[in-house]
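In: Sharing a model that was predicted from the sequence below.
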Amino acid sequence: MSKSGAKIGVIGLGNMGGPMAQNLIKAGHVLKVFDLSADAIKRATDAGAEAVATASDVARGVDVVVTMLPAGAHVRSVYLGDEGLLAVADKGTLFIDSSTIDVTSARDVIGQAETHGMRMVDAPVSGGVGGASAGTLTFMVGGAQAAFDAAKPYLDVMGQNIFHAGGAGNGQVAKVCNNMLLGISMIGTCEAFVLAEKLGLDGQTLFDIASTASGQCWSMTSYCPVPGPVPASPANRDYAAGFTAGMMLKDLRLAQEAAQGAKAATPLGAEAASLYSLMEASGNDQIDFSGIIKLLRGTL
């Protein structure tokens, strides 16, 4: 059941947070917003939001706060401390952090939120800018059942697939595991297409065969790294990003940090991170992550 007319604060109005905020406005919620970008603020206020002067001001007198921040250090900085969100918000405020961050930070901040008498979930997303605009994101949510139940009506406005992954931080666990798998499978898919090219098999023919055989995977059939077979894939736009190589590298590094903490063996995840770091080092981290095929071809 959708809940309308709530007072919601939103911090982080970038490529993902901005469209998410606009969908909350369209659903009838009243928004207070903060971002360091004047352009991002203007887009939100043009859509009907109220801009406030500081991140802390967002949390005063609202029912819900949604945050979309770059890293765990930013989440800790915004939420904790004497002027942090947890210190200034009313007791019982619901916090939804949709940042993709390290598992430890997510669990620590949620624990402190509960100590302050707040409800909080970590709810990283998948689905890209298109999904944020269309309200079709997938949310992977960690936190207590009661907090998840409270958050779900708002997540339903911003997304299409809402999964409760378990306790605090498990949303981040689901996100980094999924994206580690995606990064690995994209590299394998690219290697197969490059090898086929060098051996004289064109990309469309390999796609026609492998997409119906045991090599089939999402990286091939939905996001094919060569132009032609999947018209909507970034390969047809010279690898203009849907999801940048830099964002993939961030998630792979988070996966490696989590793996080290858990003493889990992820050798392919480590190799994937190493390869995407070469894209970063060459200044190509803003192209789509499927553009790693250029690295394998030696054309970056």
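Out: Happy to help now that I have it.
In: isn't residue 97 right up against residue 105?
Out: No - using CB atoms under 8 Å as the test, residue 97 is too far from residue 105 to be in contact (9.5 Å). No exception for glycine: its C-beta is placed from N, CA and C like everyone else's.
In: And the longest strand seen in the chain, what does it pack against?
Out: Secondary structure of the chain per DSSP state E: the longest strand is strand 159-166. Other helices and strands packing on strand 159-166, by 3 or more CB pairs under 8 Å, 6 or more residues apart in numbering; DSSP states H and E, are strand 137-142, helix 145-158, helix 170-198.
In: Would you mind putting the ones you listed into a markdown table with distance to residue 6 and mean pLDDT alongside?
Out: Listed next are the helices and strands packed on strand 159-166 as a markdown table, based on distance: least, CB to CB, whole Å; pLDDT from 0 to 100:
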| stretch | distance to residue 6 | mean pLDDT |
| --- | --- | --- |
| strand 137-142 | 17 | 97 |
| helix 145-158 | 8 | 98 |
| helix 170-198 | 21 | 98 |
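In: Least confident secondary structure element in the protein?
Out: Within the chain, judged by mean pLDDT, DSSP states H and E, the helix or strand with the poorest mean is helix 128-134; its value is a mean of 89.
In: Give me the distance from that helix to the chain's centre.
Out: 11 Å (CA atoms, centre = their mean, to the nearest Å).
In: one step back: between helix 145-158 and the longest strand of the chain, find me the angle.
Out: 160 degrees (axes from the mean of the first three to the mean of the last three CA atoms, to 10 degrees).
In: From the rest of the structure, what touches strand 159-166?
Out: 125, 127, 131, 135-142, 145, 148, 152, 155-156, 171, 173-174 (CB atoms under 8 Å, 6 or more residues apart in numbering).
In: What subset of these is buried?
Out: The neighbour-count test (16 or more other CB atoms under 10 Å) marks 125, 127, 131, 135, 137-142, 148, 152, 155-156, 171, 173-174 as buried among the contacts of strand 159-166.
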